[in-house]
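Peer 1: how would this look folded up:
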Amino acid sequence: MDLFEEKVVSPMLIAQMQEPFNDDGWIYELKLDGCRCIGYFDRSGTCLRNKRNMELLPKFPELKELHRSISVRTVLDGELVVLRNGVPDFYELQRRTLLTDRFKIELAATKYPASFVAYDCLYKGSRSIMNKPLLKRKETLQSSVSESGRIAVSRYIPTDGVGLFRAAGVKELEGVVAKRASSLYYPGRRTKDWIKFKRMADEEFVVCGYIQKNSRTYSIILGKYHDGTCLYKGHVTLGVTREIISQLRESSSTPFTAIPAGESNKSAVWVYPDKVCTVEYMPNTKNSLRQAVFKGFRTDMTLEDIE
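Peer 2: Residues are numbered from 1 along each chain as shown. Below is the predicted model of the structure:
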């Protein structure tokens, strides 16, 4: 059995995130806010699998004809994305993966169709090419795919990683991935030959309460005051420790006019809203705290400073 027949490829993963840089030995491409996907294509059909090797076509039936855009038996690494207003919408993509009703899936596929963006070629014809340098694999990828509305090849630029990162920020895209031009492909492994430049933002919030999820995991409930009213802004879990929770003063009432929606908020422990904290998160068009990380309390700021 070969790579194509087995269909068990685990994608190579990024090992680290760092500040943008320029280097002649690297190439740079946009990091798309989607679902990582390995695609297997030949004349008989299309097979798309996620990082856990689960088949994706039942959730994304609009992609079942992708093999018609690919010249020979091929295995591609890429990303499934749903575009809204020209930019990837992760929330619409995630909503689709949770649907189980066939009619609702077909409806979503018509209203917000997904696309497959390929950025690597792992196999072509009858053999693996993972032992070839990245730029050679990129050439093979380009020659293998006829682009259409449902499939595209990821563009890249040499040298100017800083410039591309700035451009991604202007368009409110997720970030940039730097890849060593000579890198080989090691399935399932984390590699320092691929580096993420991720666009993150810092923002201050009022600490309004917390939720104990288990013996060691806590979420802090965040808010902001506007015209004297405390507005619910979300939760942060990463970076929150028992020591941090011990610094909060419990209160018998919520600082919000009503308990925020959500099952978890019913078990919240409310605190006096006298602490301000900084949270790092990835900006997005939904104004939500995606990939939020607690960075610490701000002793130099009061509630009035963040209205």
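
Peer 1: tally of neighbours for Arg127?
Peer 2: When neighbours are defined as other Cβ atoms under 10 Å, Arg127 has 11 of them. In short, each C-beta sits where N, CA and C put it, glycine included.

Peer 1: what's the answer for Leu98, then?
Peer 2: 7.

Peer 1: which residues of the stretch 201-307 of the chain score low on pLDDT?
Peer 2: 263, 284-285, 300, 305, 307 (pLDDT under 70).

Peer 1: how near is the residue nearest to the spatial centre of the chain to Leu56?
Peer 2: Closest residue to the average C-alpha location of the chain: Asp33 at 4.6 Å, with Cα atoms, centre = their mean. Separation of Asp33 from Leu56 (Cβ to Cβ, to the nearest Å) stands at 17 Å.

Peer 1: likewise for Lys198?
Peer 2: For Lys198 relative to Leu56 (Cβ to Cβ), the value is 24 Å.

Peer 1: Leu141 contacts Val117, doesn't it?
Peer 2: No. Leu141 is not in contact with Val117 according to Cβ atoms under 8 Å; the separation is 11.1 Å.

Peer 1: name the residues contacting each of the two.
Peer 2: Here Leu141 and Val117 share the contacting residues Val153, scored by Cβ atoms under 8 Å, 6 or more residues apart in numbering.

Peer 1: number of nearby residues for Val293?
Peer 2: 17.

Peer 1: and it, how far from Pro61?
Peer 2: Taken as Cβ to Cβ, the span from Val293 to Pro61 is 36 Å.

Peer 1: likewise for Ser143?
Peer 2: Distance of Ser143 to Pro61, given as Cβ to Cβ: 28 Å.

Peer 1: out of these two, which sits in the busier spot?
Peer 2: Just comparing Ser143 and Pro61: by other Cβ under 10 Å the higher neighbour count belongs to Pro61, 16 against 12.

Peer 1: ok, the more buried one - contacts?
Peer 2: By Cβ under 8 Å, 6+ apart, Pro61 lies in contact with 105-106, 109.

Peer 1: phi, psi for it please.
Peer 2: Dihedral angles of Pro61 (phi, psi; degrees, to the nearest 10) stand at phi -60, psi -20.

Peer 1: ok, which stretches of the stretch 1-150 of the chain are helices?
Peer 2: Using DSSP state H, counting those that start in this stretch, the helices of the stretch 1-150 of the chain run over 3-6, 90-98, 102-111, 134-144.

Peer 1: list the helices and strands the second one packs on?
Peer 2: Applying 3 or more Cβ pairs under 8 Å, 6 or more residues apart in numbering; DSSP states H and E, one finds that helix 90-98 makes contact with strand 74-84, helix 102-111.

Peer 1: which parts of that helix are buried?
Peer 2: Within helix 90-98, the residues scored as buried using 16 or more other Cβ atoms under 10 Å are 90-93, 96.

Peer 1: JSON lines for these, including distance to Leu13 and pLDDT?
Peer 2: Below are the buried residues of helix 90-98 laid out as JSON lines (distance: Cβ to Cβ, whole Å; pLDDT from 0 to 100):
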{"residue": "Phe90", "distance to Leu13": "18", "pLDDT": "82"}
{"residue": "Tyr91", "distance to Leu13": "23", "pLDDT": "78"}
{"residue": "Glu92", "distance to Leu13": "24", "pLDDT": "88"}
{"residue": "Leu93", "distance to Leu13": "19", "pLDDT": "89"}
{"residue": "Arg96", "distance to Leu13": "23", "pLDDT": "90"}
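
Peer 1: now the two most distant members of the residues you listed.
Peer 2: Phe90 and Arg96 (10.7 Å; Cβ to Cβ).

Peer 1: so where is the stretch 1-150 of the chain shaky, pLDDT-wise?
Peer 2: For the stretch 1-150 of the chain, the stretches with pLDDT under 70 are 1.

Peer 1: 90 instead?
Peer 2: Where the stretch 1-150 of the chain drops to pLDDT under 90, the residues are 1-2, 15-19, 33-35, 51-52, 71, 84-95, 97-98.

Peer 1: in stretch 295-307, which residues are buried?
Peer 2: 295, 303, 306.

Peer 1: residues in contact with that stretch: which ones?
Peer 2: 202, 204-207, 224-226, 239, 244, 247, 273-280.

Peer 1: residues contacting Lys127?
Peer 2: Careful, residue 127 is Arg and not Lys. Shown in contact with Arg127 (Cβ under 8 Å, 6+ apart): Asp2.

Peer 1: identify the bridge partners of it.
Peer 2: Lys124 (DSSP bridges).

Peer 1: show me the contacts for the residue lying farthest from the centre of the chain.
Peer 2: The outermost residue of the chain relative to its centre, with distances by Cα atoms, centre = their mean, is Ser252 at 37.7 Å. Going by Cβ under 8 Å, 6+ apart, Ser252 touches Trp270.
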